[in-house]
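[1] Compute the structure for the input listed below.
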Amino acid sequence: MKATKTYWASVVLALIGLADATYLTILKFTHHESACMGVGDCYTVNTSKYATIHGVPIALLGALAYLAILFLFWAERHTDWGREYAQLGVFGLTFAGVLYSAYLTYLEANVIHAYCPYCLLSATVLLFLLILAIIRLLKEPPE
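    Just a heads-up that it's a prediction; the model follows:
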C-alpha cells in the first residue's frame, strides 16, 4: 500500500496531538503551570474539576487516544487487519475525539470561563484528523 500525502499529514497531526497531550499530562501530574505566554488561562482549565474523569486526567486519555491513532496508522501499513480496518478505526476515534473536544470547549467557554490554548490545539488537531479520515475513507478505500 502506497502512503499518500493525506496519510503522512495525518501521521504528523497525530504526533503533534500526542506531544500536546503529553505536555498537558505532565503539567497535570507535576502541578506546574503551562507556558501559555499570556494567552489563555491553562492553569485554571487544567486544575478545574472537568480536567479529570474519576481521577484520570483528560490529557492522559487524549495522549492514549493519539497513541491508538498512531498505532492504527502503523497497522494500516504493516498488518492485514490494519489494511482492512485501520482507516475506519481512525475515523471512529477522531469522531469521538471531536465530539468530546467540542464538549470540553463548551465547558471552557460557558462554565470555566477560561481557555487553554493547548486544549484548543488538540481540538483543532482532532478536527483536521477527522476531516482527513473522511477524505481517506472516500478517496482511498482500504485494500
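[2] next SSE after the worst-scoring helix or strand of the chain on mean pLDDT?
    The helix or strand of the chain with the lowest confidence, counting by mean pLDDT, DSSP states H and E, is helix 42-46 at a mean of 88. Once helix 42-46 ends, the next helix or strand along the chain (criterion: DSSP states H and E) is strand 52-53.
[3] Touching stretch 64-78 from outside, list them.
    The contact list for stretch 64-78, computed with CB atoms under 8 Å, 6 or more residues apart in numbering, reads 1, 3, 7, 10-11, 14-15, 17-18, 21, 81-83, 86-87, 89-90, 93-94, 97, 129, 142. All C-beta spots, glycine's among them, are computed from the backbone N, C-alpha and C.
[4] Now with 7 Å, please.
    1, 3, 10-11, 14, 17-18, 21, 82-83, 86-87, 89-90, 93, 97, 129 (CB atoms under 7 Å, 6 or more residues apart in numbering).
[5] which of those residues are buried?
    For the contacts of stretch 64-78, a burial check counting by 16 or more other CB atoms under 10 Å picks out 10-11, 14, 17-18, 21, 82, 86-87, 89-90, 93, 97, 129.
[6] can you tell me the average pLDDT over the longest helix along the chain?
    In the chain, with assignment by DSSP state H, the single longest helix is helix 80-107. Helix 80-107 shows a mean pLDDT of 96.
[7] which other helices and strands contact it?
    Here helix 80-107 touches helix 58-78, helix 117-139, going by 3 or more CB pairs under 7 Å, 6 or more residues apart in numbering; DSSP states H and E.
[8] got the angle between that helix and helix 117-139?
    Relative orientation of helix 80-107 versus helix 117-139 (axes from the mean of the first three to the mean of the last three CA atoms, to 10 degrees): 140 degrees.
[9] Mind listing what's buried along stretch 40-50?
    Result for stretch 40-50 [16+ other CB under 10 Å]: buried residues 40-48.
[10] er, stretch 47-60 I mean
    So, applying 16+ other CB under 10 Å, buried residues of stretch 47-60: 47-48, 51-52, 57-60.
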